[in-house]
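Peer 1: What follows is a predicted structure for the sequence shown.
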Amino acid sequence: MFMPVNNSAWISFLRQYGPIPKNDAMYDESIQRMFKKKRIKPINIESLYLPDLIENFKSSESKSVILTGTAGDGKTYHCRAVWSALNGSPIEWDDASKVKHLQLGQTTLHIIKDLSELSQNGSDDIEHFVKFCDSLLEPNSKDVFLIAANDGQLLDALRQVASTESLLLVKEFIEELLVSGKVEIENFRLKMYNLSRISAQWAFPRIVQNLFEHEGWIECDTCSFKDNDSLSQRCPIWENKRRLEGEYNNHNIHSRLVDLLTLCEVNGFHVPIRQLLLLVSNMILGHPAARDNIMNCKDIPKILGQQTISDGSIYRNIFGENLSERRRESRDIFSMLGRFGIGNESTNKIDNILIFGADDPELNSLYEKLVLEDSYYGADPRYRAQQKAYLEGTTEDEGKEFLSQVRSQRQRLFFEIPDSDSDELKLWNLTTFQYAGEFLNDVYRVALIDGKVSSHITSRLVRGLNRIFTGLLTKTQEELFLATSGSNSQAKVSKFFEASISVPRKRGESVSVIRSGAETALLQVSLSNSPNVPPIHLELNLIRYEFLCRVADGALPGSFSKECYEDILAFKSRILTQLQKRRIDEYEDEASNTNLTFQIIKLTTDGMLERKTVEVNI
Amino acid sequence: MLDRLPPHKKIDSDMWVDEAIWGHRLYDEETPWLCFMEFLNVLNAEIEENRGLKEDAEKRNELSYSPKSRLYLRHILFNSPQMSLIAKQFRNDSNAQWSKWMESMISNMGGVDHPDLNYLQDRFIDFEKFVEIVEFVRSSTIEGENNKRWSSQFIFPYGPDCLYEDLDVKDDKVTSDRRFFSRTGELLYLMLCRSGRQEEILDQLSSKFLNPDSKLNRLVAGLQPPAPVQEYRGIRTNTYLPYVDLEEYRNLADDWLSLFKCNLSAYDFIPYLVDLTGLHMVIYSLKRAYQTIGSDESPVFVLEIIGPKKTVIRDLAAESFSQNNNLSQRAVEAYIGSIKYTERWTSAAQENDITEIRALMKETFMWPKDSKDHTITNLGTPDAVFEEFAEAVERRHRQHVGKFHGGWTREIGLSSRRGSRRIRYAPHDSLLKTLVLVVVQERMEFKEFLDTLYSKYGFIIDAPQARKYIDSGRADQADFKENAKRLEQRLSSMGLLMRLSDACAYVENPFAIRGAN
């Protein structure tokens, strides 16, 4: 039977975004060329800051702008978009000059789309940057700049030119903007947009939507593998696309992936647009048997013939399982997602379902729902045959192949277990971070909308802190105990009582989770109402949260991570320093007491911290 | 080459080799903590004589100080095995507890004339409270759980009343055998005296650690009898630091002063000071070795930031460790070998004038001791004399000074065996934190931080500092970059680093004054 197969130009274009060795699509310049060459309608992803930028340069009081961000955030893309929105000529944009000029009424706009090109070329070019710095301090300057640079290049350039006092001042201001994340500082004619602040939560759905609405997919309509009734003849590319978009399983893949990406960002790993594009491309096109491990239309008949469809499952591709370990590790996005350990981590229940579910009456209904129902990537003929052989002990490789399939199934389940079952099946135990789901949904996202984090969570955090601060296995969680060993506050066991801080608000004392800015949740410890004793903050990220929760639930502080332990001890040290300030503020002077009394902490038999007063008459 | 100050005439030594190169003396068994304690003892004794950190430029190495012995305190804390037993045996009878305990103590208090412990009963509500306090103070023992003798146990320096010297107490005989206060602390004292920063350092130390009014110092004082106390007190002399002026002294002092700028509570400074001192002492020892070999090289250390897998960097770090570890031996060989190039040696050797050779050896190296002259009378040739000497030098060097680098780098968390059989430089978290507190005022770009660690301490972590290894093909750029990346991640989980974008990150000092909460 003849099967019509399309060799879609769109698919081969999409492939260019994937993790192929020569990844030209990494750069705006080459992408523009490709669009033209292949006559493909360009992908235009909505930009969060672009309207602001254009408005700024059109205004009569325009300010210069620095666009910073990680490679792949779209800096060049933004520059070009501003240029064309202000009617700059496309031909001029493509010429070799490093600085583009555009007259806007009274002012001249200078666009430097890649600062590193300037600093490499010695003194002549760097003059532009000096001119830019000067213009910032000159209130009536007729020059405005749009400069794209990553943070490292920006700092390098500033270091190169910072020779005079005014340039040093500019350097200081810019550093302040970089570190504080503010967009502008008063009386300083500069705005700084950090494209790395665009969250994956914002960008990912837009990228998916944009790619899937592209007219290129129309070519697939005439392909016989698309949605073929026979599963063994169905195209995995289309299937992967289908699962990611639309209503498939309640949008689960989408939302779980956004959860993971958000957790990466809370941990300080930003995911640039280019990496998101790479991820989506790989999710849809990944397959270990294809050239460069990324499928093209012409690979499909071969893959179908070999019956290795499930090796290209979207769930595996999310983690770059289609790539060799070395190539996977070399891509930031996969090394980041790999840290969640999804596939390696599991629970007894999940593994029992996957392995014994068919024969276990108690697990059978879950097995049916989670495994059998998906006969394409779940219980495909290959999986069922391997499973049978494994259970009967007739595999030739001691079950190796089957266990690697179980691994893939765990990855699939992470994205397929419905929200309604996620507590019962302990979804997040499929990752290295058991508390990640709670952290994301009940702490981070609650704090960001100024909600109140449940008191049992705060209590657990305080219990974890108390265990670390005192070195005693306590259950106390209504008060935060501050103790030292008398000498060094960083000692493993600290029994010399310094103070206790009430967790519920009481005379200026409190421990709570609050929001800072648009994307940070903080644990706040207040010691006093006095403005001289401001509260102390600990930024809550996934690792810290997991650490505190695990310690609260019985892990030894040193066993999870030594670094985290040091980190929390440094937090303790900061609280103690603040306590010292409070003492000064409240005129408590230790030397003025003639009698020497102090308190030592003891652990009661039921695990509560208790203070005992000791007195000496000297 | 730098001029060395002349040795003391009265020193009773087997030979003068290690001491001539590094001073009297670097000692592996005196850990950085004990060195710091010895230093505080010298300092406190000298402050009492109004000479704190002052060394007369005309009278180098003539330090003579008289530290406290505080034997009452030490007997109570560390030589009173019956205490908790008696507390249990006579529970609820405080008087019996006191009297039984005092009875058990009085006959055993070596070094104290007419011991009398009655003052304690007036100060504490009851015996059990007293025991509690003793246990609490004892819990701050430095390097707790060690198995040193009781008279070499030290408590945390809460203030001047906590300072006393290391002693050997046998029955009634008290001697200073220098078992653990082996003069490395004296070297530290002299270095700071010659640092040009002595006044600022003195200010900081007296206000932070030598304040008699601090609560815990008063508590420890409360365990000691009212003045005047009748107990052993000795005078310590014969200190020797060979060089008048070195940049290493200034670097050490400057680092102390940078650390003092952090917003830490006073006692919290001490562990960092200890690490820092250890590091500078190691650098001092290596620099003197290079200098003695005739090289103006500065020591470098390849640091492995421990990762999950074995890497090329691990091998390089191990090799770098062993190179530095052998350096002192090479220095000693070069130092004694240079005698053969002197005119006196060559002409005496030509004429096989053994008497002249012996005289020369004694003048230069103080070898052998007068009492041991007979040990070399049977040696007939200059070479035989030299060989005998070289062997003796090596034997002696191996015992302590030769182990200094290995011991001290381990103590400060610079070297480790973790995850491998080979010792190599692989810094612990505590040392990394110390470095951040000292190097970073408020915040510093990560690459600049790495660069500063290299220029200040010779630490090689990232590729730009590792040119030598990369150019020679020993490692790839990528290996070192990975190493630096691991450090970045580690600092970040320690809360010491803030990431911007594109491998650009700031190292942050959480205790910086500005920027602090």
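Peer 2: Alright, I've got the coordinates. Numbering: from 1, shown residues only, chains lettered A, B, ... in the order given.
Peer 1: Return the per-residue confidence for B:Gly468.
Peer 2: Check again: residue B:468 is Lys, not Gly. On pLDDT, B:Lys468 comes in at 93.
Peer 1: Can you tell me the element it falls in?
Peer 2: Secondary structure assignment for B:Lys468, by DSSP states H and E: helix B:467-471.
Peer 1: Name the next helix or strand downstream of the helix or strand bottoming out on mean pLDDT in chain B, please.
Peer 2: Least confident helix or strand, chain B: strand B:497-499 with a mean of 86, by mean pLDDT, DSSP states H and E. Moving toward the C-terminus from strand B:497-499, the next helix or strand (DSSP H and E) is strand B:505-508.
Peer 1: That following strand packs against which elements?
Peer 2: In terms of contacts (3 or more C-beta pairs under 8 Å, 6 or more residues apart in numbering or on different chains; DSSP states H and E), strand B:505-508 is packed against helix B:429-439, strand B:443-445, helix B:446-457, helix B:477-493, strand B:497-499. (Each C-beta comes from the backbone N, C-alpha and C, glycine too.)
Peer 1: Touching it from outside, list them.
Peer 2: Here strand B:505-508 makes contact (C-beta atoms under 8 Å, 6 or more residues apart in numbering or on different chains) with A:179, B:436, B:439-440, B:442-446, B:449, B:488, B:491-492, B:496-500, B:515.
Peer 1: Just give the strands next to the least confident helix or strand of chain B in its sheet, each with its orientation.
Peer 2: Take DSSP bridges as the rule and strand B:497-499 pairs in its sheet with strand B:505-508 (antiparallel).
Peer 1: pLDDT averaged over the strand it pairs with - what is it?
Peer 2: Mean per-residue pLDDT for strand B:505-508: 91.
Peer 1: quick one, domains of the chain?
Peer 2: Using chain A here. Using automatic domain parsing, the domain ranges for chain A come out as A:9-42+A:199-338, A:50-197, A:348-432, A:439-616.
Peer 1: not quite, I wanted chain B
Peer 2: B:24-241, B:331-402.
Peer 1: Which one, of those domains, ends up nearest to chain A?
Peer 2: Chain A lies closest to domain B:24-241 among those, at 3.8 Å (C-beta to the nearest C-beta).
Peer 1: If you average the pLDDT over that closest one, what comes out?
Peer 2: Domain B:24-241 shows a mean pLDDT of 93.
Peer 1: Mind pulling up the pLDDT for A:Arg197?
Peer 2: Model confidence at A:Arg197 (pLDDT) stands at 84.
Peer 1: Report the contact partners of it.
Peer 2: A:Gly181, A:Glu519 are the contacts of A:Arg197 under C-beta under 8 Å, 6+ apart.
Peer 1: How is the residue of the stretch 251-400 of chain B found nearest chain A classified with respect to secondary structure?
Peer 2: Of all residues in the stretch 251-400 of chain B, B:Tyr267 sits closest to chain A, at 4.8 Å by C-beta to the nearest C-beta. Local secondary structure at B:Tyr267 is given as helix here, using DSSP: H, G, I helix; E, B strand; the rest coil.
Peer 1: That one reaches B:Ser140, doesn't it?
Peer 2: No - the pair B:Tyr267 / B:Ser140 is not scored as a contact, 9.7 Å apart, by C-beta atoms under 8 Å.
Peer 1: Grab the nearest non-local neighbour of B:Glu132.
Peer 2: A:Val614 (6.1 Å; C-beta to C-beta, 6 or more residues apart in numbering or on different chains).
Peer 1: Then that neighbour would be within a strand, right?
Peer 2: Yes - the assignment for A:Val614 by three-state DSSP puts it in a strand.
Peer 1: What is the neighbour count of it?
Peer 2: If you count neighbours by other C-beta atoms under 10 Å in any protein chain shown, A:Val614 ends up with 18.
Peer 1: longest helix of chain A?
Peer 2: Ranked by residue count, the top helix of chain A under DSSP state H comes out as helix A:562-585.
Peer 1: List the buried residues for the following helix or strand past that one?
Peer 2: Downstream of helix A:562-585, the first helix or strand assigned by DSSP H and E is strand A:596-603. By 16 or more other C-beta atoms under 10 Å in any protein chain shown, the buried positions in strand A:596-603 come out as A:Leu596, A:Phe598, A:Gln599, A:Ile600, A:Ile601, A:Leu603.
Peer 1: Repeat that for stretch A:12-21.
Peer 2: Using 16+ other C-beta under 10 Å as the test for burial, stretch A:12-21 gives A:Ser12, A:Phe13, A:Leu14, A:Arg15, A:Gln16, A:Tyr17, A:Gly18, A:Pro19, A:Ile20.
Peer 1: and which of these is nearest to A:Tyr49?
Peer 2: A:Tyr17 (22.4 Å; C-beta to C-beta).
Peer 1: if I pick the closest residue to that closest one other than its chain neighbours, what's in contact with it?
Peer 2: Closest residue to A:Tyr17 apart from its sequence neighbours, by C-beta to C-beta, 6+ apart: A:Ser281 at 3.9 Å. A:Ser281 makes contact with A:Leu14, A:Arg15, A:Tyr17, A:Gly18, A:Pro19, A:Ile294, according to C-beta under 8 Å, 6+ apart.
Peer 1: Redo the buried residues of stretch A:12-21 as a markdown table? Include pLDDT.
Peer 2: Listed next are these as a markdown table, based on pLDDT from 0 to 100:
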| residue | pLDDT |
| --- | --- |
| A:Ser12 | 89 |
| A:Phe13 | 89 |
| A:Leu14 | 91 |
| A:Arg15 | 90 |
| A:Gln16 | 87 |
| A:Tyr17 | 89 |
| A:Gly18 | 90 |
| A:Pro19 | 90 |
| A:Ile20 | 86 |
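Peer 1: and residue 380, how many neighbours?
Peer 2: I'll assume chain A. For A:Asp380, the count of nearby residues is 19 (other C-beta under 10 Å).
Peer 1: Chain B, not that one
Peer 2: B:Gly380, neighbours per other C-beta under 10 Å, totals 10.
Peer 1: cool, and A:Val271?
Peer 2: Counted with other C-beta under 10 Å, the neighbours of A:Val271 add up to 27.
Peer 1: And A:Asp397, by the same measure?
Peer 2: Considering only other C-beta under 10 Å, A:Asp397 is surrounded by 11 other residues.
Peer 1: sorry, back to before: would you convert the contacts of A:Ser281 into JSON lines that also reports secondary structure?
Peer 2: Supplementary listing: those in JSON lines, determined by three-state DSSP:
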{"residue": "A:Leu14", "secondary structure": "helix"}
{"residue": "A:Arg15", "secondary structure": "helix"}
{"residue": "A:Tyr17", "secondary structure": "coil"}
{"residue": "A:Gly18", "secondary structure": "coil"}
{"residue": "A:Pro19", "secondary structure": "coil"}
{"residue": "A:Ile294", "secondary structure": "strand"}
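Peer 1: sorry, back to before: generate a PyMOL selection restricted to the buried subset of the contacts of strand B:505-508.
Peer 2: The buried residues among the contacts of strand B:505-508 can be selected in PyMOL (16+ other C-beta under 10 Å) with this line:
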select buried, (chain A and resi 179) or (chain B and resi 436+439+440+443+444+445+446+449+488+491+492+496+497+498+499+500)
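Peer 1: With that, I have no additional questions.
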